[in-house]
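Have a look at this fold, sequence not included:
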């Protein structure tokens, strides 16, 4: 395959990842506004906690989406699964954009249903797009493209925050609470339609066409667990530490700055915007480094530094008042997190053979995120409500320590990859 064709396909596969995560994180970013509309009773913490429960509920649908879409990607092809996943996300975002918010329990049920649809979509998106980009990339640059791929995830989250900052500038707080929060969901639905059209024109991966033919029946959850139990556990453990860290420092941190440190909402949004922007540019660099020195040392540094920084950084942030200081404190654990994030897709793809790769990447990751990453914000708010907020960051440190132990025990997939050279 020519380099320009490879580049076009990688960009096409990654573009949908951007839109999927924009739609997913719009919910987290705008929860501070629509939580009052859907959950009018109680304090701000209680309202945010109710919205966080719904956010976590979307994660519960991700394993089912990962199983369904992972099998579909291993049987029908990566390209077909990519088009289907972004189509489902479009429907979920559109539903929230037009959903009535004053119907009591009925509104809550509708909101949960839309998040479940988005969860099904995102559960399938991660495995299909990670596998697609990994198989399309050349063996000498897979770490780099893995970093670029995760940058599109961060770019989606960053764009969600930027839309929030923009709307905070042009709309009053009353307008944001009343109807302004619907705008980003409508934007997400429109972007998903554009990417659906783009993905219908990308090529199928050569490895899927050549290697999976005749073995597509092997992509089942039972075969994955019985034939690749060690690899499945590794993905779950690495995703637990990385997911808890990611959702703590990029999603919950905005609320932590408002609800604990006392920053105004717009100031907290700007701080997280700068953090995400910096992270987005660090990820390809980190992936490129792994192409040179291997995946294992990069992962070990990521989890080790993450375990050491969790408690002291959160303690310092609780009392900081200067936005610049807050930015640099937030960046410390994020820099460490980049080691996991940049390699998140490639290390999982390199663990599994082609015939079960999409399912192997998607299902254990989605299970881990449903149990751990998706509940990070909920757990943090529960600790706060109980009056033991610092305890949550000891929990984060524990998950990062688990990731460190797994990283030290696994083979270096950059040197021993199951993805054939392309």
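Structure's in. What do you need? On a predicted model such as this, the values are computed, not experimentally measured, just so you know.

following the helix or strand bottoming out on mean pLDDT in the chain, which helix or strand comes up?
For the chain, the helix or strand with the lowest mean confidence is helix 206-211, at a mean of 74 (criterion: mean pLDDT, DSSP states H and E). Note on helix 206-211: by DSSP states H and E, the next helix or strand toward the C-terminus is helix 221-227.

Give me the helices and strands touching that next one, please.
helix 357-371 (3 or more CB pairs under 8 Å, 6 or more residues apart in numbering; DSSP states H and E). In this view, the C-beta of every residue, glycine as well, is placed from N, C-alpha and C.

could you check the angle helix 357-371 makes with the helix or strand following the helix it packs on?
Following the chain from helix 357-371 toward its C-terminal end, the next helix or strand by DSSP H and E is helix 376-385. Relative orientation of helix 376-385 and helix 357-371, computed by axes from the mean of the first three to the mean of the last three CA atoms, to 10 degrees: 10 degrees.

now for helix 376-385, which elements pack on it?
Packed on helix 376-385, when contacts are counted by 3+ CB pairs under 8 Å, 6+ apart, are helix 44-75, helix 253-259, helix 389-409.

residues of the longest one that come out buried?
Judged by neighbour count (16 or more other CB atoms under 10 Å), helix 44-75 contains these buried residues: 47-75.

Which other helices and strands does it contact?
Here helix 44-75 is seen to pack against helix 3-38, helix 78-97, helix 105-136, helix 253-259, helix 357-371, helix 376-385 when contacts are counted using 3+ CB pairs under 8 Å, 6+ apart.

Show me what the helix or strand in which residue 198 is found is in contact with.
Residue 198 belongs to helix 182-199 when elements are defined using DSSP H and E. The contact list for helix 182-199, computed with CB atoms under 8 Å, 6 or more residues apart in numbering, reads 12-13, 15-16, 18-20, 22-23, 26, 29-30, 79, 82-83, 86-87, 89-91, 93-94, 96-98, 160, 163-164, 167.

can you do 7 Å?
Contacts of helix 182-199 with the rest of the structure, by CB atoms under 7 Å, 6 or more residues apart in numbering, involve 12, 15-16, 19, 22-23, 26, 30, 79, 82-83, 86-87, 89-90, 93-94, 96-97, 160, 163, 167.

Stretch 158-169 too?
Here stretch 158-169 has contacts from 22, 25-26, 29-30, 176, 180, 183-184, 187, 266, 269-270, 272-273, 276-277, 280, using CB under 7 Å, 6+ apart.

Are any of these buried, and if so which?
Neighbour-count burial within those applies to 22, 25-26, 29-30, 176, 180, 183-184, 187, 269-270, 272-273, 276, 280; the criterion is 16+ other CB under 10 Å.

between those residues, which is nearest residue 372?
Of all those, residue 25 has the smallest distance to residue 372: 17.7 Å, by CB to CB.

thinking the closest one is in contact with residue 153, fair?
No. Taking CB atoms under 7 Å as the definition, residue 25 is not a contact partner of residue 153, at 9.0 Å.

what residues are shared contacts of the two?
Shared contacts of residue 25 and residue 153, counting by CB under 7 Å, 6+ apart, come down to nothing at all.

Poorly predicted segments of this structure, please.
Along the chain, segments meeting pLDDT under 70 span 1-4, 40-48, 55-57, 211-222, 418, 420-422.

Excluding residues flanking it in the chain, which one is nearest residue 53?
Closest residue to residue 53 apart from its sequence neighbours, by CB to CB, 6 or more residues apart in numbering: residue 378 at 6.1 Å.

still on that earlier bit, how about a markdown table for the helices and strands packed on helix 376-385, with distance to residue 36 added?
Supplementary listing: the helices and strands packed on helix 376-385 in a markdown table, determined by distance: least, CB to CB, whole Å:
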| stretch | distance to residue 36 |
| --- | --- |
| helix 44-75 | 6 |
| helix 253-259 | 14 |
| helix 389-409 | 23 |
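
Nearest to residue 120, out of those?
Nearest to residue 120 among these is helix 44-75 (3.6 Å), distances taken as CB to CB.

before we move on, the earlier item: can you check which of the helices and strands packed on helix 44-75 gets nearest to residue 414?
Ranking the helices and strands packed on helix 44-75 by their distance to residue 414 (criterion: CB to CB) puts helix 105-136 first, at 12.1 Å.

So which elements touch that closest one?
Where contact means 3 or more CB pairs under 7 Å, 6 or more residues apart in numbering; DSSP states H and E, helix 105-136 is packed against helix 3-38, helix 44-75, helix 78-97, helix 142-170, helix 323-349, helix 357-371.
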